[in-house]
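Asks: Curious how this folds, go ahead:
(2 chains)
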There are 2 protein chains.
Amino acid sequence: MRVSNLFTKTSKNIPSGEIAKNAQLLIRAGYISKVMSGVYIYAPLGLRVLEKIKQIIREEMNSVGGQELIMSSIQKKETWNITGRWDDEVVDMWFKSKLKDGTDIGFAWSHEEAIIEMLKDFLASYKDLPINVYQFQTKFRNELRSKSGIMRGREFVMKDMYSCSINQKQHDQFYKDTIEAYNRVFERLGLKDDTYMTFASGGAFTQFSHEFQTICEAGEDTIYIHKGKNIAINEDVMDDENLGKLGVNRDELEKVKTAEVGNIFNFGTKKSEDTDFSFTNSDGKKQFVYFGSYGIGVTRLMGVIVEKFSDEKGLVWPENISPYKIYLLRIGGDEATSHAEKLYGELTDKGFEVLYDDRDIHPGQKFADSELLGMPYRVTVSDRMLENNQYELVERKNGQKSVLTHDELLAKLG
Amino acid sequence: MRVSNLFTKTSKNIPSGEIAKNAQLLIRAGYISKVMSGVYIYAPLGLRVLEKIKQIIREEMNSVGGQELIMSSIQKKETWNITGRWDDEVVDMWFKSKLKDGTDIGFAWSHEEAIIEMLKDFLASYKDLPINVYQFQTKFRNELRSKSGIMRGREFVMKDMYSCSINQKQHDQFYKDTIEAYNRVFERLGLKDDTYMTFASGGAFTQFSHEFQTICEAGEDTIYIHKGKNIAINEDVMDDENLGKLGVNRDELEKVKTAEVGNIFNFGTKKSEDTDFSFTNSDGKKQFVYFGSYGIGVTRLMGVIVEKFSDEKGLVWPENISPYKIYLLRIGGDEATSHAEKLYGELTDKGFEVLYDDRDIHPGQKFADSELLGMPYRVTVSDRMLENNQYELVERKNGQKSVLTHDELLAKLG
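Replies: Take a look at the predicted model:
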C-alpha cells in the first residue's frame, strides 16, 4: 500500500472532546474516525488491525471446536421477556425501536437469550450435544457515558461463544479448554503477562464468574493480583470470606487498574432452567443443558493494546496485528525513488505487508508519521546510504537501528 | 467438517409463514434460521457462503482501487438533516432510537451522507483525490412487508462503495471500471448471462441510474431486455421517449421478472453541492467533488443464487461459493467407515473443503441430505464399490455419475 493512496491523513491535533489516549492516537493516525462518543468508524488501517485480532481469536475458538455463525442485531421482545431482561428496569442499556406495525424490537446488546432460542430448534437428544458456537458481532449498548474511546463503545465488536454440554464433566472440560484458548489469544496479542484470570461476581450457578483483566492505567476496573499464584480477585468481591475461599492473604495482593478484556460465565443448568432449554437424555428423560457463555471484547482489546504499547511518539503495534509489517520510507532524489520503488515491489512480491511512504514531503514528516502509525519495522532508502548499498532498519518498539545490506535486510525481516 | 459435528439439522418441513423459496430451502438445509420476517441468523453453512460471496466482491472492489473500511450503524440526526433525509416523511424506513440524554440516533439504512461527513475531515486539496472506499455493512430498513426471504431484509448485508473524483473524466473512468468489476463479480457467481445493466429512474445528475438486474421469477422488479444490444430498461422508465434515447424499439424487447442485485448512482457534483463536499483545485479555487455510489446486495445475491440454481431436491451451489466442495458419504460397515475416514483425511490434507457425512443413519437420508445441502460433488464410499477399489462421484448440478478409481477421483476433483 502506498501512503499517497491512503485517504486518511495523520494529524497533530488532539480531536476535541476526546479524552481517551487510545482514541486520540488512533484518530490522529487515521485508524479510526469518531461519529459520537462510543461510536467510531474503522478506516482502512484500523480495519486491518481489527480483522487481524479477529482472525487470532477465530483460530483459537475453532481450536476448541467452536463453530462460527452470525446472529441478528434486531431482536424480538419475546426472546428477552422469558428471562425478564427486556424490561428497561432490569437491563438499562437497550436501544429499542418499532416495526411499522408497532411491534417492539431491540438492537442486540447481548445474544444469550437469542442463541438459546435458536438452538432450541436444533437440540432434541443427547446425541446432538455438545454444541459450541461463536460469532463476531456488533453489540449496541446505550451507555450513559462513553469516555474511554474504543474501550467502551455504544457500538462495539465482541466475540461471544456459547457452549451447550450434556453433563457437568463435558461442561467443565470445555470451560477449561476455553480458558486455555483465551490464554493463547492473549499470548498472541502480547498481553499474556499482564492479563489475569480474575474471580469476580456475577456467577449465576457458581460462586464466582471469571474475568480476564489486563493491567492498564486507562482501565475502569480495579483488581488485586497474586503474582505467586497467578490469580486475581476483583475488588467487587474482595472480602475476607472470599479471600479465604481462594486461599490468599490480603497482604500478598497487589492492587492494580485493569481493563476487562474477556469474561466467561459458567451457568451450569441455571440459565437453561430459566429458559426451558432441555434435551432428552439416554434414559429418555428431560434434562437441562449445561450452558456457558464466553466473551472477548474485540474492539476493546484493540484499545487496550494501544494504551499499553504506545509511547510519546505514537502507536506501537505487536507484529502479528500490525496493519503492515514494514513502513518503507524514501529520502532523496531520483535514485532513492527508483530504488525504493524496486524494493517495495520486491518486498511485496515476497509476501511482506508493506506501507510505502512514497510522498514528496519533508523527511521529518515521514519519520514522524512512521512513528505515529506504529508499524514494527521502518526501512529507509536514502541517497546517502545507497552510496554504500545499505538501508537503515529501525524497530519501532525499542528504536533499535541497524544499517544493513540488501541481503542482511531481507534476512532480518525474516 | 463432519456432519455429526454440525449443530444444524436438515428438515423436511417448510417453516410456517415462510413463503419465499430461498428462505424455505435455506432454513430446511440449516443454512439460516429465522428471527422474524426479514431478519435471519446465518448458521455456519450459511455464513461460509456469505463470506465467499463477500470475498469475491472484495477482490473485485480492490481491483479497481477500492479501500475497505467499516462505518458505524449508529448515526446522528445531524448527518442526515443536511439533505433532509432524517425526516420520516422523506425516508420512510428508518429505525430510530434515543441516547440516555434524549439525543436522537438512527440505525443506518444507508451510508451516503455518513461517508461524505467522514471524508470531509480528510479531503482538502485536489492532491487528495481520487478517494474510493467501500464496506460490507449491515443495513437496517424498516420495511412494511418483508416476504421475500433473504432477498428483502429488514436487516441485511450490503457492499457499498463510494467514489470521489477530481473531474468528470476521472469520475467517468471509475464508473466504467466499476461496471466492469461488477460484471466480473456476477460472472464469478455464475449469474453473468442472466444479469443486465438496466436503465432505471433515480438519476440525480444523469438521465438514468444503472441497476444490475438478474432474471429471477422471485424478483420484485420487471424489466425489458434487449438481447442483441445486451441492455435493459426498467418498466418504471419504459416510455417512448426513453426508448428513443436508448435507440431501441418496443417490439425488440422481452419482458422479464428480475431481482435488483446491484445499483450504481452517478451523482456528478449534485450530491456534493447538497452537502457542501468540496476541495481546493489546482487553481486554488473551491470545487465540488464528483461523487458516485455503488451497491451490491450481498445477502440478496445469496437468495437469488438459491432461487435460480436450486431444484426440487434442494440447493445447488456454484463451486466457488459452496460452503464445501465435496460431500463425502459412507455406506456400509467397518471397512467402508475406515476407508471413508482415510479418504476424508487425505482430501482435507490436500486442501479440499469436505463435508463428511459420518452419521450412522439410513443411506437414503444421507443421499437426500446431500442433495438438499447442495455441494457440487458427492463422493460415495461403499462396501460394494470398495470390492473393485472404486468410488462413486455425482455432480449435483446435473446428476452426472461416474465410478472412479482413487487416482481418477483425485484427478477429476482437480
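Asks: How about the nearest residue to residue A:44 once chain neighbours are set aside: which residues does it bridge to?
Replies: For residue A:44, ignoring the flanking residues on the chain, the nearest one in space by C-beta to C-beta, 6 or more residues apart in numbering or on different chains is residue B:67 at 4.6 Å. (C-beta placed from N, C-alpha, C; glycine too.) Beta bridges link residue B:67 to residue B:133 when assigned by DSSP bridges.
Asks: give the contact list for residue B:67.
Replies: Counting by C-beta atoms under 8 Å, 6 or more residues apart in numbering or on different chains, residue B:67 makes contact with A:5-7, A:44, B:132-134.
Asks: if we go to 7 Å?
Replies: A:7, A:44, B:132-133 (C-beta atoms under 7 Å, 6 or more residues apart in numbering or on different chains).
Asks: Over to residue A:238?
Replies: By C-beta under 7 Å, 6+ apart, the neighbours of residue A:238 are residue A:224.
Asks: And for chain A, the residue most distant from the center?
Replies: Farthest-out residue of chain A from its mean C-alpha position, per C-alpha atoms, centre = their mean: residue A:387, at 44.6 Å.
Asks: count of residues packed around residue A:235?
Replies: 14 (other C-beta atoms under 10 Å in any protein chain shown).
Asks: Could you do residue A:223 as well?
Replies: 27.
Asks: distance of the closest residue to it other than its chain neighbours from residue A:182?
Replies: Nearest residue to residue A:223, sequence neighbours excluded (C-beta to C-beta, 6+ apart): residue A:232, at 4.6 Å. From residue A:232 across to residue A:182, the span is 14 Å (C-beta to C-beta, to the nearest Å).
Asks: what about the residue nearest to residue A:223, which helix or strand?
Replies: strand A:231-234 (DSSP states H and E).
Asks: partner residues bridging the closest residue to chain B within the stretch 151-300 of chain A?
Replies: Residue nearest to chain B within the stretch 151-300 of chain A: residue A:155 (4.9 Å; C-beta to the nearest C-beta). On the basis of DSSP bridges, residue A:155 is bridged to residue A:140.
Asks: Hmm, residue A:39 and it touching each other?
Replies: Yes: assessed by C-beta atoms under 7 Å, residue A:155 is found in contact with residue A:39 at 5.0 Å.
Asks: Need the residues touching each of the two.
Replies: Common contact partners of residue A:155 and residue A:39 (C-beta under 7 Å, 6+ apart): B:72, B:74.
Asks: ok, for the residue nearest the centre of chain A, nearest residue in space, not its chain neighbours?
Replies: Per C-alpha atoms, centre = their mean, the C-alpha nearest to the average position across chain A is that of residue A:298, at 2.6 Å. Residue nearest to residue A:298 in three dimensions, not counting chain neighbours: residue A:157, with 4.3 Å by C-beta to C-beta, 6+ apart.
Asks: Out of the contacts of residue B:67, the closest to residue A:224 would be?
Replies: residue A:44 (40.9 Å; C-beta to C-beta).
Asks: Touching, the closest one and residue B:66? I think so.
Replies: No: between residue A:44 and residue B:66 there is no contact under C-beta under 7 Å: 9.9 Å.
Asks: Residue ranges of each domain in chain A, please.
Replies: According to automatic domain parsing, chain A comprises the domains A:9-73+A:108-309, A:324-413.
Asks: Would you mind listing what in the stretch 101-250 of chain A touches chain B?
Replies: A:107, A:118, A:121-122, A:128, A:131, A:133, A:138, A:142, A:144, A:154-155 (C-beta under 7 Å from any C-beta of the partner chain).
Asks: Got a quick PyMOL command for the buried subset of the residues you listed?
Replies: Applying 16 or more other C-beta atoms under 10 Å in any protein chain shown to these, the buried members can be selected in PyMOL as follows:
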select buried, chain A and resi 107+118+122+128+131+133+138+142+154+155
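Asks: In helices, which of the residues of the stretch 101-250 of chain A next to chain B appear?
Replies: Mapping these onto helices (DSSP state H) picks out residue A:118.
Asks: Which pair of the residues of the stretch 101-250 of chain A next to chain B spans the longest distance?
Replies: A:128 and A:144, at 41.4 Å, using C-beta to C-beta across those.
Asks: and the closest residue in space to residue A:30 that isn't next to it in sequence, what does it touch?
Replies: Among residues not flanking residue A:30 along the chain, residue A:8 sits closest, at 3.0 Å (C-beta to C-beta, 6+ apart). Residue A:8 sits next to A:30, A:43, A:45, B:122 when contact means C-beta under 7 Å, 6+ apart.
Asks: List the residues that contact residue A:140.
Replies: By C-beta under 7 Å, 6+ apart, the contact list for residue A:140 reads A:73, A:95, A:107-109, A:154-155.
Asks: Recalculate using a threshold of 10 Å.
Replies: A:39, A:73, A:93-95, A:106-109, A:153-156, B:73-74, B:97, B:105, B:107 (C-beta atoms under 10 Å, 6 or more residues apart in numbering or on different chains).
Asks: With residue A:211 instead?
Replies: Applying C-beta under 10 Å, 6+ apart, the residues near residue A:211 are A:196-202, A:221, A:223, A:232-234, A:236, A:258, A:260-265, A:295.
Asks: How many residues are close by residue A:261?
Replies: Residue A:261: 27 neighbours (other C-beta under 10 Å).
Asks: Please apply the same query to residue A:55.
Replies: 12.
Asks: Next: the one 10 residues further on.
Replies: Taking other C-beta under 10 Å as the neighbour definition, residue A:65 ends up with a count of 16.
Asks: Now do the same for the residue nearest to residue A:289 when sequence neighbours are not counted: its pLDDT.
Replies: Distances taken as C-beta to C-beta, 6+ apart place residue A:272 nearest to residue A:289, at 4.3 Å, with adjacent residues excluded. With respect to pLDDT, residue A:272 scores 96.
Asks: where's residue A:403 relative to residue A:338, distance?
Replies: Taken as C-beta to C-beta, the span from residue A:403 to residue A:338 is 21 Å.
Asks: What of residue A:171?
Replies: 63 Å.
Asks: of those two, who's got more company?
Replies: A count of neighbours by other C-beta under 10 Å puts residue A:171 above the other of residue A:171 and residue A:338, at 24 against 12.
Asks: ok, residue A:97 touching residue B:104?
Replies: No: Residue A:97 is beyond contact range of residue B:104, at 11.5 Å (criterion: C-beta atoms under 10 Å).
Asks: Which residues are in contact with each of those two?
Replies: B:96-98.
Asks: which residues touch residue A:24?
Replies: Shown in contact with residue A:24 (C-beta under 10 Å, 6+ apart): A:13-15, A:18, A:149, A:306, A:310.
Asks: what would these look like in TSV with neighbour count, secondary structure and pLDDT?
Replies: Formatted as TSV, the contacts of residue A:24 follow (neighbours: other C-beta atoms under 10 Å in any protein chain shown; DSSP: H, G, I helix; E, B strand; the rest coil; pLDDT from 0 to 100):
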residue	neighbour count	secondary structure	pLDDT
A:13	8	coil	83
A:14	14	coil	77
A:15	15	coil	77
A:18	18	coil	93
A:149	29	helix	97
A:306	28	helix	98
A:310	20	coil	98
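Asks: closest to residue A:323 among those?
Replies: The closest of the contacts of residue A:24, once distances to residue A:323 are taken by C-beta to C-beta, is residue A:306, at 12.7 Å.
Asks: How about that closest one: what's its closest non-neighbour residue?
Replies: Nearest to residue A:306 is residue A:22, by C-beta to C-beta, 6+ apart, at 4.2 Å.
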